[in-house]
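Chemist: Fold the following, please.
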Amino acid sequence: FYVKSKGEKRMKKLNKWMAGLLCMMLVITMVAGLGVTEVKADDAVESYNLWVGETEVTSANTSGTGWSYDNQTNTLTLDGFNYEGDGSGIEIETLQDLNIIIKNENRIKNISSSYSSSTNGWSCGIYVHGNLTITGDGTLEVTGGTANTSHGISVLGKLEIDSQGTIIAKAQATAGTSGI
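Modeler: This next block holds a predicted model:
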(Lines give C-alpha, C1' and ligand atoms only; values in the text may rest on other atoms or scores of the structure.)
Protein backbone atom coordinates (compact mmCIF):
# COMPACT_ATOMS: atom_id res chain seq x y z
CA PHE A 1 0.00 0.00 0.00
CA TYR A 2 1.45 3.37 -1.17
CA VAL A 3 0.31 6.80 0.01
CA LYS A 4 0.93 9.74 -2.35
CA SER A 5 2.24 12.95 -0.95
CA LYS A 6 0.53 16.29 -1.46
CA GLY A 7 3.21 17.29 -4.01
CA GLU A 8 2.62 14.14 -6.07
CA LYS A 9 -1.13 14.74 -6.04
CA ARG A 10 -0.62 18.33 -7.17
CA MET A 11 1.73 17.19 -9.97
CA LYS A 12 -0.83 14.66 -11.16
CA LYS A 13 -3.55 17.35 -11.20
CA LEU A 14 -1.22 19.75 -13.00
CA ASN A 15 -0.34 17.10 -15.61
CA LYS A 16 -4.04 16.38 -16.23
CA TRP A 17 -4.77 20.09 -16.51
CA MET A 18 -1.85 20.60 -18.96
CA ALA A 19 -2.95 17.61 -21.04
CA GLY A 20 -6.50 19.00 -21.21
CA LEU A 21 -5.19 22.45 -22.18
CA LEU A 22 -3.01 20.96 -24.93
CA CYS A 23 -6.01 19.00 -26.27
CA MET A 24 -8.12 22.18 -26.36
CA MET A 25 -5.35 24.06 -28.19
CA LEU A 26 -5.07 21.24 -30.72
CA VAL A 27 -8.83 21.27 -31.36
CA ILE A 28 -8.87 25.08 -31.71
CA THR A 29 -5.97 24.95 -34.16
CA MET A 30 -7.68 22.27 -36.23
CA VAL A 31 -11.00 24.12 -36.32
CA ALA A 32 -9.31 27.41 -37.26
CA GLY A 33 -7.43 25.64 -40.04
CA LEU A 34 -10.62 24.35 -41.65
CA GLY A 35 -11.33 27.74 -43.23
CA VAL A 36 -7.83 28.17 -44.66
CA THR A 37 -7.37 27.38 -48.32
CA GLU A 38 -3.90 26.87 -49.65
CA VAL A 39 -3.15 29.12 -52.61
CA LYS A 40 -0.89 27.49 -55.15
CA ALA A 41 1.00 29.23 -57.93
CA ASP A 42 -1.36 27.53 -60.40
CA ASP A 43 -4.29 29.39 -58.79
CA ALA A 44 -2.78 32.83 -59.42
CA VAL A 45 -4.82 35.16 -61.60
CA GLU A 46 -3.24 35.57 -65.02
CA SER A 47 -3.58 38.83 -66.94
CA TYR A 48 -4.27 38.49 -70.67
CA ASN A 49 -3.10 42.09 -71.31
CA LEU A 50 -6.50 42.82 -72.83
CA TRP A 51 -8.95 45.52 -71.77
CA VAL A 52 -12.60 45.51 -72.81
CA GLY A 53 -14.14 48.82 -71.85
CA GLU A 54 -12.81 49.57 -68.40
CA THR A 55 -12.41 45.87 -67.52
CA GLU A 56 -9.11 44.03 -67.50
CA VAL A 57 -9.54 40.53 -68.92
CA THR A 58 -7.87 37.91 -66.71
CA SER A 59 -8.10 34.19 -66.06
CA ALA A 60 -10.63 35.07 -63.34
CA ASN A 61 -12.59 37.55 -65.50
CA THR A 62 -13.32 36.42 -69.05
CA SER A 63 -16.77 37.89 -69.67
CA GLY A 64 -18.94 40.89 -69.06
CA THR A 65 -22.07 42.55 -70.41
CA GLY A 66 -22.03 41.99 -74.16
CA TRP A 67 -18.63 40.26 -74.40
CA SER A 68 -16.73 37.06 -73.65
CA TYR A 69 -13.11 36.01 -74.18
CA ASP A 70 -11.55 32.62 -74.97
CA ASN A 71 -7.87 32.68 -74.07
CA GLN A 72 -7.14 29.41 -75.90
CA THR A 73 -8.01 30.99 -79.27
CA ASN A 74 -7.45 34.68 -78.38
CA THR A 75 -11.05 35.27 -79.44
CA LEU A 76 -13.20 38.10 -78.12
CA THR A 77 -16.90 37.69 -78.92
CA LEU A 78 -18.97 40.87 -78.95
CA ASP A 79 -22.70 40.27 -78.65
CA GLY A 80 -24.57 43.49 -77.89
CA PHE A 81 -21.47 45.22 -76.45
CA ASN A 82 -21.79 48.97 -75.90
CA TYR A 83 -19.00 51.15 -74.59
CA GLU A 84 -18.70 54.92 -74.40
CA GLY A 85 -15.87 56.06 -72.23
CA ASP A 86 -12.57 57.75 -71.68
CA GLY A 87 -10.17 55.41 -73.49
CA SER A 88 -10.12 52.59 -76.00
CA GLY A 89 -13.11 50.27 -75.95
CA ILE A 90 -10.82 47.31 -76.76
CA GLU A 91 -7.08 47.41 -76.20
CA ILE A 92 -4.31 44.82 -76.18
CA GLU A 93 -1.32 46.13 -74.24
CA THR A 94 1.32 43.73 -75.63
CA LEU A 95 2.35 42.40 -79.02
CA GLN A 96 -0.27 39.72 -79.49
CA ASP A 97 -2.99 38.86 -81.97
CA LEU A 98 -6.73 39.13 -81.41
CA ASN A 99 -9.76 37.60 -83.12
CA ILE A 100 -13.06 39.43 -82.75
CA ILE A 101 -16.40 37.81 -83.57
CA ILE A 102 -19.27 40.28 -83.90
CA LYS A 103 -22.85 39.25 -83.21
CA ASN A 104 -25.86 41.57 -83.13
CA GLU A 105 -25.24 45.32 -82.71
CA ASN A 106 -22.04 46.54 -81.00
CA ARG A 107 -20.89 50.11 -80.43
CA ILE A 108 -17.56 51.48 -79.16
CA LYS A 109 -16.98 55.21 -78.71
CA ASN A 110 -13.85 56.71 -77.18
CA ILE A 111 -14.78 60.17 -75.86
CA SER A 112 -11.29 61.00 -74.58
CA SER A 113 -9.72 64.29 -75.68
CA SER A 114 -6.28 63.29 -74.40
CA TYR A 115 -3.58 60.93 -75.56
CA SER A 116 -3.07 57.46 -74.13
CA SER A 117 0.51 56.36 -73.46
CA SER A 118 -0.42 52.70 -74.04
CA THR A 119 -1.69 53.43 -77.59
CA ASN A 120 1.34 55.38 -78.84
CA GLY A 121 -0.40 58.61 -77.88
CA TRP A 122 -3.36 57.93 -80.14
CA SER A 123 -7.00 58.16 -79.16
CA CYS A 124 -8.51 54.92 -80.55
CA GLY A 125 -11.75 52.97 -80.38
CA ILE A 126 -9.91 49.63 -80.84
CA TYR A 127 -6.13 49.33 -80.49
CA VAL A 128 -4.25 46.07 -81.17
CA HIS A 129 -0.45 45.74 -81.07
CA GLY A 130 -0.43 42.53 -83.18
CA ASN A 131 -2.74 41.22 -85.90
CA LEU A 132 -6.52 41.63 -85.78
CA THR A 133 -9.10 39.41 -87.47
CA ILE A 134 -12.78 40.44 -87.41
CA THR A 135 -15.48 37.91 -88.33
CA GLY A 136 -19.19 37.47 -87.71
CA ASP A 137 -22.49 38.68 -89.05
CA GLY A 138 -23.27 41.48 -86.62
CA THR A 139 -22.68 45.21 -86.68
CA LEU A 140 -19.66 46.97 -85.18
CA GLU A 141 -19.51 50.77 -85.03
CA VAL A 142 -16.21 52.12 -83.67
CA THR A 143 -15.30 55.76 -83.06
CA GLY A 144 -11.90 57.12 -81.97
CA GLY A 145 -11.52 59.91 -79.42
CA THR A 146 -11.17 63.64 -79.96
CA ALA A 147 -7.41 64.06 -79.37
CA ASN A 148 -5.26 65.40 -82.24
CA THR A 149 -4.60 61.86 -83.47
CA SER A 150 -7.74 59.73 -83.60
CA HIS A 151 -8.35 56.29 -85.09
CA GLY A 152 -11.50 54.18 -85.07
CA ILE A 153 -9.54 50.92 -85.38
CA SER A 154 -5.75 50.94 -85.08
CA VAL A 155 -3.76 47.76 -85.74
CA LEU A 156 0.05 47.66 -85.68
CA GLY A 157 0.08 44.30 -87.47
CA LYS A 158 -2.20 42.92 -90.17
CA LEU A 159 -5.95 43.62 -90.23
CA GLU A 160 -8.18 40.96 -91.77
CA ILE A 161 -11.94 41.44 -92.07
CA ASP A 162 -13.94 38.37 -93.05
CA SER A 163 -17.36 39.48 -91.94
CA GLN A 164 -20.86 39.09 -93.31
CA GLY A 165 -21.91 42.00 -91.12
CA THR A 166 -21.31 45.76 -91.10
CA ILE A 167 -18.22 47.50 -89.74
CA ILE A 168 -18.15 51.29 -89.42
CA ALA A 169 -14.93 52.92 -88.18
CA LYS A 170 -14.72 56.69 -87.61
CA ALA A 171 -12.32 59.23 -86.14
CA GLN A 172 -13.19 62.58 -84.52
CA ALA A 173 -9.98 64.59 -84.32
CA THR A 174 -8.99 67.57 -86.43
CA ALA A 175 -5.56 66.27 -87.51
CA GLY A 176 -4.06 62.80 -87.94
CA THR A 177 -7.34 60.93 -88.25
CA SER A 178 -8.37 57.65 -89.81
CA GLY A 179 -11.27 55.28 -89.54
CA ILE A 180 -8.96 52.30 -89.86
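
Chemist: Local confidence estimate at A171?
Modeler: At A171, the predicted lDDT confidence score is 87.

Chemist: typo on my end, it should be D86
Modeler: D86 is given a pLDDT of 87.

Chemist: Correct me if wrong: it contacts K109.
Modeler: No: the criterion here is CB atoms under 8 Å, and D86 misses it with K109 at 10.6 Å. All C-beta spots, glycine's among them, are computed from the backbone N, C-alpha and C.

Chemist: more crowded one of the two?
Modeler: Using other CB atoms under 10 Å as the criterion, D86 and K109 rank with K109 on top: 18 against 13.

Chemist: for that one, which residues make a bridge with it?
Modeler: Residues in a beta bridge with K109, per DSSP bridges, are E84, T143.

Chemist: All further residue positions should be reported with the first residue as 29.
Modeler: All right, first residue 29 from here; so that's K137.

Chemist: ok, it to H157 distance?
Modeler: 21 Å (CB to CB, to the nearest Å).

Chemist: Check M52 too.
Modeler: As for M52, its distance to H157 is 60 Å (criterion: CB to CB).

Chemist: higher neighbour count, these two?
Modeler: The residue with more neighbours, out of M52 and H157, is H157; 21 against 10, by other CB under 10 Å.

Chemist: Please name the spatially closest residue to that one (chain neighbours excluded).
Modeler: Distance criterion CB to CB, 6 or more residues apart in numbering; nearest residue to H157, sequence neighbours excluded, is L123 at 4.7 Å.
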